[in-house]
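1. Got a predicted structure here, sequence first:
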Amino acid sequence: MWRPTKYGEEDFAAFKEAMEASSVEAVAIHAVYLINCASKDRDLRMKSQASLAHALRIGDAIGAAGVVLHPGAQKGEPLGPSMKRAGKTIAAALEDSDHCPLLLEQTAGHKGLLGRDFDQTAELIELAGSGKRLGLCLDSCHMFVQGYDITDQEHLTKVIDEADEKVGIDRLGCIHVNDAAAPLGSHLDRHANIGKGEMGRKGLAAFLSEPRFEGLPATLETPGPEKKGSSKKEVTEARKLRREGLKRRQA
Ligand SMILES: [Zn+2]
């Protein structure tokens, strides 16, 4: 829904207090899915810009690690102008907020979704002004279906080297941890539960133990065992896989 949230100072203070009392170390906001910063429809673009700026200001207020954004979709329009529109809309939303990072999530790349590889993400960052607040969010499922083999240390290292070369690893602000229900390179955005998809336990163990992800916030977006969203058990499982991966690297 487009209707913006109406949080005030009291809510922000209560949120901060709850965060401090919990074991949660970081929070990231996901921008509304209706947003399409690349839309040719000016009205939709303006709504997207306002919604994004609103999310960034909430992020400013609660000290979020970032607002994660799907950069936009072509919807049958040519790539070049769509990229330019997305860059401009993102830049305007940044201008209209203070310091919260904006993390461009690389997408599965289906049906004209922008941000389908490191070249496109790098170009979007440039089109949005290359500011320090512009960052990257990597989703294991999206990367896998984009065609990046990230299921063993050797391939993963090369992929993250490419991310560093094209986007800059210092821009990486968070990761999304999901198994993939569709094959490598399929461009199908279907998340699977941890260890139950095409990447499998071993593949996710390799992904989770990447040294350049150290200290980054990570979010699970799996369907969950009861299709009600990621479970606590899956979080524990992901932590266990990370330890397994680290052990394998040291062997
Ligand atoms: Zn994601």
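-> All right, it came through fine. Everything numeric in this text was worked out from a predicted model, so none of it was measured.
2. quick check, residue 39 in a strand?
-> No. When DSSP: H, G, I helix; E, B strand; the rest coil is applied, residue 39 is found to be coil, with no strand at that position.
3. just checking, it touches residue 85?
-> Yes. Using CB atoms under 8 Å, residue 39 makes contact with residue 85 at a distance of 7.1 Å. For every residue, glycine as well, the C-beta is placed using N, CA and C.
4. can you list residues touching both of the two?
-> 45, 72 (CB atoms under 8 Å, 6 or more residues apart in numbering).
5. what about residue 135, distance to the ion?
-> Going from residue 135 to the ion by CB to the ion, to the nearest Å gives 14 Å.
6. How about the secondary structure of that residue?
-> strand.
7. quick one: it and residue 85, what's the gap?
-> 20 Å (CB to CB, to the nearest Å).
8. what stretches of the stretch 101-250 of the chain score poorly on pLDDT?
-> Applying pLDDT under 70 to the stretch 101-250 of the chain flags no residue at all.
9. so where do the strands sit in it?
-> For the stretch 101-250 of the chain, the strands defined by DSSP state E, counting those that start in this stretch cover 102-105, 134-139, 172-177, 179-180, 191-192, 218-220.
10. wait, which of those is closest to residue 201?
-> strand 179-180 (8.8 Å; CB to CB).
11. Just the buried positions in stretch 83-98, please.
-> By neighbour count with 16 or more other CB atoms under 10 Å, stretch 83-98 contains the buried residues 83, 85-94, 97.
12. An error on my part: the question was meant for stretch 98-109.
-> So, applying 16+ other CB under 10 Å, buried residues of stretch 98-109: 100-109.
13. Send me it as CSV with only the CA atoms.
-> Taking C-alpha atoms only, stretch 98-109 is exported to CSV below (Å, rounded to 0.1, in the frame of the first residue of the first chain):
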residue,chain,number,x,y,z
ASP,A,98,19.5,12.8,5.6
HIS,A,99,21.9,10.0,6.1
CYS,A,100,20.3,6.5,6.0
PRO,A,101,22.0,4.3,3.4
LEU,A,102,20.0,3.2,0.3
LEU,A,103,20.9,-0.4,-0.6
LEU,A,104,20.1,-1.4,-4.1
GLU,A,105,19.2,-5.1,-4.1
GLN,A,106,20.3,-7.1,-7.1
THR,A,107,17.2,-8.8,-8.5
ALA,A,108,16.6,-12.1,-10.2
GLY,A,109,16.6,-10.1,-13.5
